[in-house]
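**Q** Got a sequence here, can you build the structure:
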Amino acid sequence: MSRGKKTRLGSIGPQAQFVALNGGPQFKFSEAISFQIHCDTQAEIDRFWGRLTEGGSESQCGWLKDRFGLSWQVVPSVLPKLLTDPDRAKAQRVTNAFMQMKKFDIAALQPIGRLAGNGYCRVAPAMFDLARPASQIRPK
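**A** Numbering: from 1, shown residues only. Okay, here's the model as predicted:
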């Protein structure tokens, strides 16, 4: 490994650490590991989507890869609730709608699922659920 290159990166919150090592060309990122950003408003979705796709690429259903090749999911915070709604027909309509999207469009989902938010945006890998106001979360 060359001198001056970062070999790891660190904290995602005061009570959780995430360590990613620079594994060189033999260890690459894949969709098997991704970060999720649950956003309450379209403005939050647009902000995170715009910043993270700079130098990266868009995919389907709220997925994208950043400039380093790390996968992210930028989704409405209420999506898990909609997908587990007891009204299975409603949940299927929501799924059918977002399967047609790259970046989530809350206005398109509102008539289907009556989205409502709580003012929070969470950034969490699958094993963590860190909640804090969206104003405190800024991707670099």
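
**Q** Can you get me a residue count around residue 42?
**A** 17 (other C-beta atoms under 10 Å). Bear in mind the C-beta positions are built from the backbone N, C-alpha and C, glycine included.

**Q** Kindly report the same for residue 66.
**A** So residue 66, with other C-beta under 10 Å, has 19 neighbours.

**Q** same deal with the one 4 residues further on?
**A** In terms of burial, residue 70 registers 17 neighbours under the definition other C-beta under 10 Å.

**Q** Check the gap between it and residue 32 for me.
**A** 11 Å (C-beta to C-beta, to the nearest Å).

**Q** go on, residue 94?
**A** In terms of C-beta to C-beta, residue 94 sits 25 Å off from residue 32.

**Q** So between those two, which is more surrounded?
**A** residue 94 (20 against 6).

**Q** Now do the nearest residue to residue 34 once chain neighbours are set aside against residue 85, distance only.
**A** Once flanking residues are discounted, residue 34 sits nearest to residue 71: 3.8 Å by C-beta to C-beta, 6 or more residues apart in numbering. According to C-beta to C-beta, residue 71 stands 26 Å off from residue 85.

**Q** Give me the more crowded residue out of the two.
**A** Using other C-beta under 10 Å as the criterion, residue 71 and residue 85 rank with residue 71 on top: 18 against 14.

**Q** these two touch, right, that one and residue 65?
**A** Yes - counting by C-beta atoms under 8 Å, residue 65 is a contact partner of residue 71 at 5.6 Å.

**Q** Need the overlap of contacts for the two.
**A** residue 29 (C-beta atoms under 8 Å, 6 or more residues apart in numbering).

**Q** Quick one: the strands in the protein, in order.
**A** With DSSP state E as the criterion, the chain has strands at 8-13, 16-21, 34-39, 57-58, 63-65, 71-76, 120-125, 131-133.
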